[in-house]
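>>> Okay, predicted coordinates and the sequence, questions at the end:
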Amino acid sequence: QVRLVESGGGVVQAGGSLRLSCAASGLIFSRTTLGWFRQAPGKDREFATAITWGSGTTPYAESVKGRFTISRDNAKNTVYLQMNSLKPEDTAVYYCAARRGSIPTPSGTEYEYWGQGTQVTVSS
């Protein structure tokens with residue numbers, strides 16, 4: 001059974017930083033692409049970033065580019081999202097997702113497995 005568990009969310013002031021973690025189990029971690037998505041209240045889920053198994057490709061949404069950094073530790077079966085210079089508009093539930101293969105697609109429908117999400121709130 002595949003399981004993705006996010007952690008690290010919380011409340012932070014604008015300009016602050018948070019690091020999210022997503023621990024995966026039940027899949028061949030080194031052969032998966034991992035992604036981070038987010039969903040703000042009343043809005044559709046949106047792609048933030050993704051990382052291929054070899055960390056060679058890491059696309060970012062324009063809204064987070066230059067502020068967020070994704071990384072993964074295949075030995076620990078964990079993917080991270082370092083979020084710096086946070087803005088109130090970054091407030092959302094952040095989800096970790098996984099898909100087999102090496103295509104870091106921004107389409108959420110292409111990801112087979114999802115975590116339960118972790119809330120990030122950025123106050124102004």
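Nice, I can see it. Numbering: from 1, shown residues only.

>>> For Ala24, which residues count as its bridge partners?
Per DSSP bridges, the residues bridged to Ala24 are Leu4.

>>> who's in contact with Gln1?
Counting by C-beta atoms under 8 Å, 6 or more residues apart in numbering, Gln1 makes contact with Gly26. Heads up, the C-betas are built off the backbone N, CA and C, glycines and all.

>>> do the one 10 residues further on as well
When the contact criterion is C-beta under 8 Å, 6+ apart, the partners of Val11 are 121-123.

>>> now swap in Glu46 and tell me
Glu46 neighbours (C-beta under 8 Å, 6+ apart): 37-39, 61, 63.

>>> what's the answer for Ile51, then?
Listed by C-beta under 8 Å, 6+ apart, the contact set of Ile51 reads 33-35, 57-58, 70-72, 79, 104.

>>> Could you tell me which of the contacts of Glu46 count as buried?
With neighbours counted by 16 or more other C-beta atoms under 10 Å, the contacts of Glu46 contain buried members at 37-38, 61.

>>> Which residue, other than its chain neighbours, is closest to Val120?
Of all residues not flanking Val120 in the chain, Gly9 sits nearest, at 4.8 Å (C-beta to C-beta, 6 or more residues apart in numbering).

>>> hmm, back to that, so which of the contacts of Val11 would you say is closest to Tyr95?
Among these, Thr121 lies closest to Tyr95 (C-beta to C-beta), at 15.4 Å.

>>> Backbone dihedrals for the closest one, please?
With angles defined as degrees, to the nearest 10, Thr121 sits at phi -120, psi 120.
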